[in-house]
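[1] what follows is a predicted protein model with its sequence.
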Amino acid sequence: MADPISIIAFVIQAIDVASQVYRYGKEVKDAHNEIRELFGELFALKAILEQIGKSQQDALVCDPLTPPSMSLKSFQEALKEASTVLKEILDDLENRRGKGTSVWRHMGWPERKAKLTENIARLERLKTYFILAMMNDRSTVEREMASSIDIQTGMGREMQLNSQPDTSFSMSTGELQQKIIDWICPVDVESNHRRALSLRQSGTGHWFIDGPFRQWFSGADGLKFLYLQGRSGSGKTVLCATAIEEVQKVAKTAQQNGVHIVYFYCSFQLSASQSLQNLLGALLVQLYYALPEISGELKTCFQKKSPPTPDNLIQLILKYGSRAQKLYIIVDAINESNEADAILKSLMTILEGAENVYVMTTGTSPPSTPCKTRFLKEIMKPSSNRDDIRAFVNLQLELQPALRRLPLQTKLHVSNMLSSKADGMFRYVRCQIDLLSAQKTGRGVLKALEVMPEDLNGTYEVILGRVSSHDRDLAREALLWLTYSREALTLPALNEALVLEKGDKYIDDEYRLINPDIVLEICQGLVVFDETSSVVTLAHSSVKAFLTSDAIKHGPAAFFALEETEAMRQIIQKCLIYLMFDDFQAPCPNIRQIRERIAQFPLLKCVAETWALLCGAQAPSGFKHTNPELDEIIAFMSSGNFRSWIQILLCEANDEAGWETEPLYYASSFGMLAVVDRLIKAGANIEATGGRNGATPLTVAAYRGQLPVVKRLLEAGADPNVEDECGMTSIEWATHGETFSIWACFR
């Protein structure tokens, strides 16, 4: 293995040479481009070698069976060659300096420019080698070193694009692992768990933990599957979080170090959390943290640029999960996913495929998939959590400033009333506490109790009825975005969405809301704000259920009724207004400016990822664009703003392949059938390749599972046998992705 001291010595040498290069570049005319390129390569190498020095021991722990690439003779030779290149560059600069400052200043780039260019190329090849060495791929390292293949990495591009060094872009082992994790599971499961746990009240949930949960956890009588069924708002998510904590306590003890738990929260608020693919990916990633030997297979999938299918993920979970003494899988709120049946079926496949697996799920309706193993279905009744609800009410009466000063007799009356009317619904009680807390006197509290709504729908009608007439439009617009946005919205992003108007070309302080917290005030009880992330969401899935129900249309809150098709149309329109801002007429030249743009425009990431989904695969059933809307989309795709949108999607500062890709490719990728049809009729080249893998529109549509688009492209004469840069055809991608309906189109 390479001596860490030699690596440290190289890093010091690289810093010294970089400083000399920087000084030279400031003094010499016409040296800007070469200096920037050389400077970037030097700091890229420095960052990579620093990370290698830090991560050698980590690599051995994570993958003990594979000899680290740093122990190869080729690594020692590469390190020696890198040092030689740096010495040559430094000697040349010292030689120039020896001729005097005046000569140095006016001489320009040295006559040995060809030699310098050669050294830059050598540094770039060495950088590629060290990245591969850091990835611990012995065979690839030897092959790349032997052939000296010149691969331009994203990190190197970013180093050269920015005139000052930024070592944060080094492709360290940890960063590679994080890229793989984000690729397989784009959901922050831990944050969802913390959020659910924050709602738990100490001393509650014993009826479940000491009863059904304990029976399932012990595996008594072969019980391996627990299904907790309860109405929306009855507290299932908090019970789920409590169950996870109970298993984790056992898993952390020394005697039970063979016990592992993986979990997931489905949520109506985040489309990514409703995906079977992401759910299985999240379970596998958590298993990876406990069993690092999974990293090899995950890395292989990542390097192939071929995401594993649900079946692949299930097989990996079974393969590595079987190495645990016991593996507990807990999934909350499967009813909040439109793939609920597929999720349950997949969990049953895992359960029945391994003797050491135990599964617990929660939902609002009975499980639709039969279970071959013995299971327990616990149906929550009003009596199940009556004591928990009373304990919750009594605690709130002491915590809420407006309620804790009430006379003891009034508190007792409030506790009895809420406990008797709760009918097992925590959400109902929470809303009543909010309404009572708004009262100014004890007498007001008693009067509010007399007219207390009988159910959640009635409660929401009361809350909406309290919105003043001049705030109603703003409140409805906010609820519309929070109900139908496919991405989480921060408060600044939501505030920008609310003030957009047709024809806007920019947004400034004159356009923005004077009070940035006004939405939280007028929608109190219907929305919640996370101070840590600044994300605003609907307070509960029952809020969305009420706003989109038939019941609201015929009551006093009918003004706030939401209809999916019109809501989607409105969101798409505002997304396009935002994306067509004058500030986005051209892409950013480097990563730093991309980040600055995203920070300056809080809504940008959301609209970039939302509008195309709503126009395509996630459009409501029966949704159709009007001709003026299609004209607007085509105009956007013909502008420089379209390239800026692609840049935000790809998060790349210099991805010309992505920028130059024809609109038909992206329309096909997102499943925008009407847009694809319009582009084909306008004469778009259906065989034009693009994207990161040089794929045709048909290839990317097959890869993404966009069946209607695949059919339309085939009708237009698209060739399914064209290979992309991965050597895959449309037919092969359809087969790989197990999208059999698409595969059938090619037969």
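    Received, thanks.

[2] lowest-pLDDT helix or strand in this structure?
    Scoring the helices and strands of the chain by mean pLDDT, DSSP states H and E places helix 154-161 at the bottom, with a mean of 33.

[3] tell me which stretches of the stretch 551-700 of the chain form strands.
    Read by DSSP state E, counting those that start in this stretch, the stretch 551-700 of the chain holds no strands at all.

[4] where in it is pLDDT low?
    652-659 (pLDDT under 70).

[5] what's the answer for the chain, then?
    Using pLDDT under 70, the flagged stretches of the chain are 1-75, 93-118, 121, 124-125, 127-176, 254-257, 304-306, 652-659, 736-740, 747.

[6] can you give the domain ranges for it?
    Domain assignment for the chain by the TED database gives 4-93+113-131, 189-379, 385-452, 455-562.

[7] so which of those is nearest E660?
    For E660, the closest of the domains of the chain is domain 189-379, at 19.5 Å, according to Cβ to Cβ. In this view, the C-beta of every residue, glycine as well, is placed from N, C-alpha and C.

[8] got the end-to-end distance for that closest one?
    26 Å (Cα to Cα, to the nearest Å).

[9] can you give me the strands in this structure?
    Under the criterion DSSP state E, the chain contains strands at 225-229, 259-265, 326-332, 357-363, 375-379, 489-490, 527-529, 535-538.

[10] quick check: buried residues in the fifth one?
    This means strand 375-379. For strand 375-379, burial by neighbour count (16 or more other Cβ atoms under 10 Å) applies to F375, L376, E378.

[11] K411 and T459, how far apart?
    21 Å (Cβ to Cβ, to the nearest Å).

[12] so who does the nearest residue to Q396 once chain neighbours are set aside touch?
    Nearest residue to Q396, sequence neighbours excluded (Cβ to Cβ, 6 or more residues apart in numbering): I433, at 4.9 Å. Neighbour list for I433: V393, Q396, Q400, L403, L418 [criterion: Cβ atoms under 8 Å, 6 or more residues apart in numbering].

[13] pretty sure the first one sits against V414.
    Yes. Shown here, V393 and V414 form a contact pair, counting by Cβ atoms under 8 Å, at 7.2 Å.

[14] ok, now which ones touch L298?
    I180, I184, L284, Y288.

[15] who wins for proximity to F746 among the domains of the chain?
    Of those, the one closest to F746 (Cβ to Cβ) turns out to be domain 189-379, at 18.0 Å.

[16] off-centre distance for that closest one?
    Put simply, domain 189-379 sits 19 Å off its chain's centre (Cα atoms, centre = their mean, to the nearest Å).

[17] contacting residues for the spatially most central residue of the chain?
    With distances taken as Cα atoms, centre = their mean, P186 lies nearest the centre of the chain, 3.5 Å away. Neighbouring residues of P186 by Cβ under 8 Å, 6+ apart: A272, N278.

[18] same check on the one 10 residues further on?
    Neighbour list for A196: T237, V238, C240, A241, Y265, D332 [criterion: Cβ under 8 Å, 6+ apart].

[19] again with M637
    M637 neighbours (Cβ under 8 Å, 6+ apart): P663, A667, V675.

[20] mind putting these into TSV with distance to Y328?
    Shown next, in TSV, are these (distance: Cβ to Cβ, whole Å):
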residue	distance to Y328
P663	47
A667	44
V675	45
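
[21] so how many other residues sit close to the nearest residue to G235 once chain neighbours are set aside?
    Nearest residue to G235 in three dimensions, chain neighbours excluded: F426, at 4.3 Å (Cβ to Cβ, 6+ apart). Using other Cβ atoms under 10 Å, F426 has 22 other residues around it.

[22] returning to that earlier point: among the contacts of A196, which two are most distant?
    Top of the distance list for those (Cβ to Cβ): V238 and Y265, 11.4 Å.

[23] neighbour count winner among these two?
    Comparing V238 with Y265 by other Cβ under 10 Å, the one with more neighbours is Y265, at 25 against 22.
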